[in-house]
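Colleague: Okay, structure incoming, though there's no sequence with it:
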């Protein structure tokens, strides 16, 4: 399966963005999907995940109250709605088939999110 992340951009602090992770080559229904981010000089970190059915969602404390993950299996797409963005959210955001950087096999190419103060 090929994953493509999109929707990043430049936004002021307090603003919102919605990222999309679109799949091709295979249905996304079979996979749980995670969103990760990597800030300059830092390791890639898991921030949010969703089960294959969409019933189970998970997020880290750093984004829990501000980011919402969802999926539309009919559109083969997973979304990450990001609200109340902070400068520390600036990073390249990736989607992958899993919740762990070591075990995920398929990665999107990443989309840059920059939050200005």
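Modeller: Yep, that arrived. Please read all numbers here as calculations on a predicted model, not as lab measurements. Numbering: from 1, shown residues only.
Colleague: Show me the shaky parts of this protein.
Modeller: Along the chain, no part satisfies pLDDT under 70.
Colleague: In it, which residue is most central in space?
Modeller: The residue lying closest to the centre of the chain (Cα atoms, centre = their mean) is residue 35, at 3.0 Å.
Colleague: Please tell me how far residue 14 sits from residue 67.
Modeller: Using Cβ to Cβ, to the nearest Å, residue 14 is found at 14 Å from residue 67. Any C-beta I mention is one placed from the backbone N, CA and C, and that applies to glycine too.
Colleague: Looking at those two, which has the bigger crowd around it?
Modeller: Between residue 14 and residue 67, counted using other Cβ atoms under 10 Å, residue 67 has the larger neighbour count: 21 against 11.
Colleague: Now the residue of the chain positioned farthest from its centre. Nearest residue, chain neighbours left out?
Modeller: Within the chain, residue 117 marks the point farthest from the mean C-alpha position, 21.9 Å out by Cα atoms, centre = their mean. Excluding the flanking residues, the one nearest residue 117 by Cβ to Cβ, 6 or more residues apart in numbering is residue 87, at 4.7 Å.
Colleague: and the one you found, what are its phi and psi?
Modeller: When read as degrees, to the nearest 10, the backbone of residue 87 gives phi -60, psi -30.
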